[in-house]
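Novice: Sequence and predicted model, in that order:
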Amino acid sequence: MEVALYARVSTTRQQLDQTIEQQIERLREYLEEQTEWCLEEKHIYLDDGYSGAKLNRPGLDRLREHVTKAEFEMIFITAPDRLARNYVHQMLLIEEFQNLGCQVQFLERPMNQDPHDQLLLQIRGAVAEYERSLITERMRRGRRAKLLSGLLLPWTVAPYGYLPDPEHPRNARKVSLDPVKSEIVRQMFAWYTTPQKRRSLYWIAKKLNDDGIPTPRGGIRWNASSIRGILRSPVYAGMAYSDRTRSAPSVSRKSALQPVGPGKSRRPAPREDWIGIPVPAIVSQEVYDTAQQRLDENKQMSRRNNHSHDYLLRGLVSCGQCHLSSTGRMVSPGYSYYVCRGRRDSLGFAQEERCTARYAPSRALDSLVWEDLCKIISTPELITHALERAQAGEWLPQALQSRKETLTKSLRQLERQQERLLEVYLGEVIEREEFERKRRELSDTQNALHRQLRQLEVQVQKQLDTVELAAGIGDFCERIQQTLPTLTFEQRRELVTLLIDRVVVDDEKVEIRYVIPTSPAGEEKLFCHLRTDYQS
């Protein structure tokens, strides 16, 4: 019987103590006593320095992938907490392996379907999860105590202009200034705050690029946001702060055309929660305060805070060429446009060259989109036709489509393996017992994949239930179309924001991406707040 071994340690200290080697040694000794089990070196899976609180581990990922291919029938692990610290994760993995025809055996206490063994496994999982929570809390409190005493720096990578001690990189008392980079930072503040000759962020970025000064990450192009980040950082005035921000769900996207993000963003924390750690200052507090005052003034005068002109599609237009967002701009009195940021400001967005997309006249684009929106609302049949296309599977969500293709491909491969296995048996290359064993393995794997495919089809069907969707959409359109002629600009703006996710403009081509609520609850929240593919 083919078997596999799995071992894990979560800290560097455990790696130095060679506990992972001890786990493998114990497992090997146990297998040597069992003559019916066969172990290949490629079936030993290790995770050095990976926490058991997460399932995202390279060794575990390879193990799960090979279980799907039915490469072995048994997995040996020293203890349940080596598989996962979280009881729910333990049950998820064990059930996944069992459904694929692979059993899990723990060395310290072999488990079976006996209720007492199952209860003991649950208790051990709960204890392991408690220990992990206890360790996490102790580490958090210890870190906070060191921060409050000024002994620990709040960063893992030193800010531009600072040099950490090589032996003690987090020691606040041993950090020093980089003689060259700190002078560059000092010059940035001087350029920005000198009353006689105040320079803009873009001028500073261009100056540094022209002088060939590498960026903080070693790049060759500075941009305005990097300069703003340095000027905003209080560390350069002699005080590094921890806990300045908190993680929060994203409420907007940089662009609907950008890659998927984690759905998390950072929000400022209350000032009283900040923990200050003194560090060497590069500029005086007076110079730093002057820079903050000017940055605040510029923020108030920014185009995004200028609402003197009406743009129906404000914040909804994207460039089809470079995928950046487009903003409203008044070129001269009476002539307003949507302009790609990559064309207007290539330096600010660190593009290699300016975008060549044409200016889109705002009045013409607003009129075109509004007329099309009115047509969509007045003709619900257009939406129903799109739903029928979805029912036929013409535009399933990309993730579901990809998963369905992967499962279908795996099933075809299993069918070919079964055919080859039968040919080998008929050719008397293997015995009947070996043939039956291999056939059962392939059959178990095939049944598991069929179950996954059926679950996927149910999930797809829920998304494509056109009957209920069409009824909800029809009711919504009927209520809205009666009010269209009497809407004010602000009301039109609210309706456009609710029903349009993105308008993609590529010179003469315009693509409008609609989002129609299917129930009254869908009218209470914008679509961009419901999406999980945020770019934070």
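Specialist: Yep, that arrived.
Novice: now the strand or helix carrying Q105, how far from the centre of its chain.
Specialist: Using DSSP states H and E, the element containing Q105 is strand 103-106. Centroid separation for strand 103-106 versus its chain: 33 Å, with Cα atoms, centre = their mean, to the nearest Å.
Novice: same check, this time on stretch 278-288
Specialist: 35 Å.
Novice: re earlier: so what strands line up beside the strand holding Q105?
Specialist: strand 74-77 (parallel) (DSSP bridges).
Novice: Now do the partner strand: everything it contacts.
Specialist: Residues outside strand 74-77 that contact it (Cβ atoms under 8 Å, 6 or more residues apart in numbering) are 1-7, 27, 30-31, 37, 63, 67, 83, 97, 102-107. In short, each C-beta sits where N, CA and C put it, glycine included.
Novice: Just the buried ones among those residues, please.
Specialist: 3-7, 27, 31, 37, 63, 67, 83, 97, 102, 104, 106-107 (16 or more other Cβ atoms under 10 Å).
Novice: Out of these, which is nearest to W222?
Specialist: W222 has its nearest neighbour among these in L63, at 45.2 Å by Cβ to Cβ.
Novice: tell me the secondary structure for that closest one?
Specialist: Reducing the assignment at L63 to three states with DSSP: H, G, I helix; E, B strand; the rest coil gives helix.
Novice: give the contact list for the closest residue to it other than its chain neighbours.
Specialist: Nearest non-adjacent residue to L63, counting by Cβ to Cβ, 6 or more residues apart in numbering: Y45, 4.4 Å away. Counting by Cβ under 8 Å, 6+ apart, Y45 makes contact with A4, L5, Y6, A7, G59, L60, R62, L63.
Novice: Direction included, what does the host helix or strand of Y45 pair up with?
Specialist: Element membership for Y45 (DSSP H and E) is strand 38-48. Using DSSP bridges, the strands paired with strand 38-48 are strand 2-9 (parallel).
Novice: got the contact list for the strand it pairs with?
Specialist: Contacts to strand 2-9, defined as Cβ under 8 Å, 6+ apart, come from residues 15, 19-20, 23-24, 27-28, 31, 37-40, 43-50, 52, 57, 59-60, 63, 66, 71-78, 82-83.
Novice: Buried ones from those residues, can you make that a PyMOL selection?
Specialist: The PyMOL selection below is limited to those of those classed as buried (16+ other Cβ under 10 Å):
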select buried, resi 19+20+23+24+27+31+37+39+43+44+45+46+47+48+50+52+57+59+60+63+66+71+72+73+74+75+76+77+78+82+83
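Novice: where do the helices sit along the stretch 251-400 of the chain?
Specialist: 285-300, 341-344, 362-378, 380-391, 398-426 (DSSP state H, counting those that start in this stretch).
Novice: would you list the ones you listed in JSON lines and tack on mean pLDDT, distance to L487 and mean neighbour count?
Specialist: Converted to JSON lines, the helices of the stretch 251-400 of the chain look like this (pLDDT from 0 to 100; distance: least, Cβ to Cβ, whole Å; neighbours: other Cβ atoms under 10 Å):
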{"stretch": "helix 285-300", "mean pLDDT": "86", "distance to L487": "31", "mean neighbour count": "14"}
{"stretch": "helix 341-344", "mean pLDDT": "75", "distance to L487": "30", "mean neighbour count": "20"}
{"stretch": "helix 362-378", "mean pLDDT": "89", "distance to L487": "10", "mean neighbour count": "17"}
{"stretch": "helix 380-391", "mean pLDDT": "68", "distance to L487": "19", "mean neighbour count": "15"}
{"stretch": "helix 398-426", "mean pLDDT": "77", "distance to L487": "35", "mean neighbour count": "13"}
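Novice: Reformat these as JSON lines; add distance to R138.
Specialist: Formatted as JSON lines, the helices of the stretch 251-400 of the chain follow (distance: least, Cβ to Cβ, whole Å):
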{"stretch": "helix 285-300", "distance to R138": "36"}
{"stretch": "helix 341-344", "distance to R138": "47"}
{"stretch": "helix 362-378", "distance to R138": "56"}
{"stretch": "helix 380-391", "distance to R138": "51"}
{"stretch": "helix 398-426", "distance to R138": "39"}
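Novice: check contacts around the residue located most distally from the centre of the chain.
Specialist: Using Cα atoms, centre = their mean, the residue of the chain lying farthest from its centre is E428. It sits 52.5 Å away. By Cβ under 8 Å, 6+ apart, E428 lies in contact with nothing.
Novice: Give me the pLDDT for it.
Specialist: Looking at E428, its pLDDT stands at 76.
Novice: That one: what secondary structure?
Specialist: Relying on three-state DSSP, one would call E428 coil.
Novice: could I have stretch 440-456 exported to PDB, CA atoms only?
Specialist: Provided in PDB are the C-alpha atoms of stretch 440-456 (Å, rounded to 0.1, in the frame of the first residue of the first chain):
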ATOM      1  CA  ARG A 440     -11.100   1.200  -7.200                       C
ATOM      2  CA  GLU A 441      -8.700   4.100  -6.700                       C
ATOM      3  CA  LEU A 442      -9.600   5.600 -10.100                       C
ATOM      4  CA  SER A 443     -13.300   5.000  -9.500                       C
ATOM      5  CA  ASP A 444     -13.100   6.700  -6.100                       C
ATOM      6  CA  THR A 445     -11.300   9.700  -7.600                       C
ATOM      7  CA  GLN A 446     -13.800   9.800 -10.500                       C
ATOM      8  CA  ASN A 447     -16.800   9.800  -8.100                       C
ATOM      9  CA  ALA A 448     -15.200  12.600  -6.000                       C
ATOM     10  CA  LEU A 449     -14.700  14.700  -9.200                       C
ATOM     11  CA  HIS A 450     -18.300  14.000 -10.300                       C
ATOM     12  CA  ARG A 451     -19.500  15.300  -6.900                       C
ATOM     13  CA  GLN A 452     -17.500  18.400  -7.200                       C
ATOM     14  CA  LEU A 453     -18.800  19.000 -10.700                       C
ATOM     15  CA  ARG A 454     -22.400  18.500  -9.600                       C
ATOM     16  CA  GLN A 455     -21.900  21.000  -6.700                       C
ATOM     17  CA  LEU A 456     -20.400  23.500  -9.200                       C
END
